[in-house]
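**Q** Fold the following and give me the result.
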Amino acid sequence: MKFQIVILLLIYFVIVCGSGNTLLINLFYPYENLDKNSHLFLRGDDCGLNWDSGIQMKSDPDNNLFFLSIDVDSSCSGNELQMKALVDDNDWQIGANFMVDISGIQNYKGSDSVSYSFKGYPWFYTTDGEYKYIRNVYSPQLNNTRDLVIYTPPSYNENYLKIYDNILVAHDGQNLFNASTSFLGIAWDCQDTINNLVNEGEMEEVVMIGVDNTPDRDNELTYDYDPTQHEGGKGNLYLDFIEQTVIPIVNEHYNNRLQTSKRENMGILGSSLGGLISCYAGWTRSLVYSKAFCMSSSFWWNSQSFLNNILVNFPNPLKNSSMNFYLDSGDQGDDQDDMVETQSVRDKMKSFGYVLNDDLFYYLDKGGWHNEQYWGARFWIPMTDLYPPIPKKPTSIQN
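**A** Residues are numbered from 1 along each chain as shown. Okay, the predicted model is just below:
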């Protein structure tokens, strides 16, 4: 099927594209979801598109493909093209605009014309994602069993053609979505936050894999032994469990629609000890993850061993690949939610080359305490920091 689609696209380039540089917009949407006589239209802000009325796209029902060729020339006023699809030029695509970086097309100076391709997966009628459980997952690494809870975003069921790039593994899965399973009955309500941000176009869609904790939580979420706590040190086995057991099981359960094999797609998130193990995973396993969300992290663990040992003695991920960290804390309670320790980690990362609001994000929740209520209330901040809608580069095909 993939080979057939490639051949079809090449044919479309020959038939549809004229002289000059062109951008072929390819949108994939289940044809059976539309009425028999319905069509997709495209509106946008540049290159012959406008927001007042759409241009009808051509269709290939056998491949659930809708396509339109756009000339990218002097008539285009900017380096970024924003677009949205509509059903019958009436029902708008939900979520952020499609954004295409067209600077490379405009700036191409070769003698031959070049065609570019952009691929998107719109949805029009579903505003809520959902979460489901995979029960009793056994860990051969830790010799115990737990549940997983997986959130899929609004488009998942409506557009079954979409493959998901943003995968976020989160610890303490009991606390993420469901108040009835959460500590003290307070959930983060991550599904509501993500649904609202996605619908408003403020973040990209994300699949969340919640990993429930066990009675052995303090050992599993720490990478070394703390003699003052008389426990700790199973963190690497726990991270192995996520990589070797959890992710393959979830991907198979969801028909391999999750792009988990690319480290740039993978994030890891947690709070308290979950924040500590997330930062540890980001620093020591940057070939697996590209984003680490560390909320109210227990950087006090083992005399601040993350600051004094891990950051110093493990290679800086920036040397090999891009890595993004989000750190935060409150400032209330006897220990001020480890505010000072978190700021020390932030400053050490800055000394290693990380840049605030670029690949290192920091937030101080003034008045914030160390509990689920405050983590859930500010969950929107790391989501918009590290999953903002960004322009995508189109694929170049030389004519």
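**Q** use CA for all of it now, contacts and neighbours both
**A** Fine.
**Q** ok, the spatially most central residue of the chain - contacts?
**A** Geometric centre of the chain, nearest residue: residue 166, 2.9 Å, by Cα atoms, centre = their mean. Under the criterion of Cα atoms under 8 Å, 6 or more residues apart in numbering, the contact partners of residue 166 comprise 204, 205, 206, 207, 259, 265, 266, 267.
**Q** Closest one of those residues to residue 118?
**A** Among these, residue 204 lies closest to residue 118 (Cα to Cα), at 16.8 Å.
**Q** how close does that closest one get to residue 259?
**A** Residue 204 sits 15 Å away from residue 259, taking Cα to Cα, to the nearest Å as the criterion.
**Q** now residue 90
**A** Using Cα to Cα, one gets 32 Å for the distance from residue 90 to residue 259.
**Q** The two: who's more crowded?
**A** Summary of the neighbour comparison: residue 90 and residue 259, criterion other Cα atoms under 10 Å, with residue 259 having more neighbours (16 against 12).
**Q** Output the below-cut-off pLDDT ranges for the chain.
**A** Screening the chain residue by residue with the criterion pLDDT under 70, one finds the ranges 1-20, 106-113, 398-399.
**Q** hmm, try it at 90
**A** When the per-residue scores of the chain are filtered using pLDDT under 90, the ranges that remain are 1-22, 72-78, 103-115, 318-322, 396-399.
**Q** could you pull out the helices for it?
**A** For the chain, the helices defined by DSSP state H occupy 2-16, 103-106, 155-158, 190-199, 217-220, 235-241, 247-253, 273-284, 301-305, 311-313, 339-351, 372-377, 380-386.
**Q** looking at those helices, which is closest to residue 147?
**A** For these, proximity to residue 147 was assessed by Cα to Cα; helix 247-253 is nearest, at 11.5 Å.
**Q** Residues contacting the closest one, please?
**A** Contacts with helix 247-253, where a contact means Cα under 8 Å, 6+ apart, come from 209, 257, 258, 260.
**Q** which ones are touching residue 94?
**A** For residue 94, the set of contacting residues under the criterion of Cα under 8 Å, 6+ apart consists of 122, 123, 124, 125, 126, 127, 199, 201.
**Q** 7 Å instead, please
**A** The contact partners of residue 94, by Cα atoms under 7 Å, 6 or more residues apart in numbering, come to 123, 124, 199.
**Q** picking up where we left off before, most neighbours out of the contacts of helix 247-253, which is it?
**A** Counting by other Cα under 10 Å, residue 209 has the largest number of neighbours within the contacts of helix 247-253, with 26 neighbours.
**Q** if I look at it, how far off is residue 293?
**A** 14 Å.
**Q** quick revisit: max pairwise distance over the contacts of helix 247-253: which two?
**A** When the contacts of helix 247-253 are compared pair by pair using Cα to Cα, the two farthest from each other are 209 and 257, 13.4 Å apart.
**Q** could you measure residue 259 against residue 223, distance?
**A** 27 Å.
**Q** Mark which of the contacts of residue 166 are buried, thanks.
**A** 204, 205, 206, 207, 259, 265, 266, 267 (16 or more other Cα atoms under 10 Å).
**Q** tell me the two of the residues you listed that are most distant?
**A** Across the buried ones among the contacts of residue 166, no pair lies farther apart than 204 and 259, at 14.6 Å, counting by Cα to Cα.
**Q** which residues touch residue 322?
**A** For residue 322, the contact set (Cα under 7 Å, 6+ apart) comprises residue 290.
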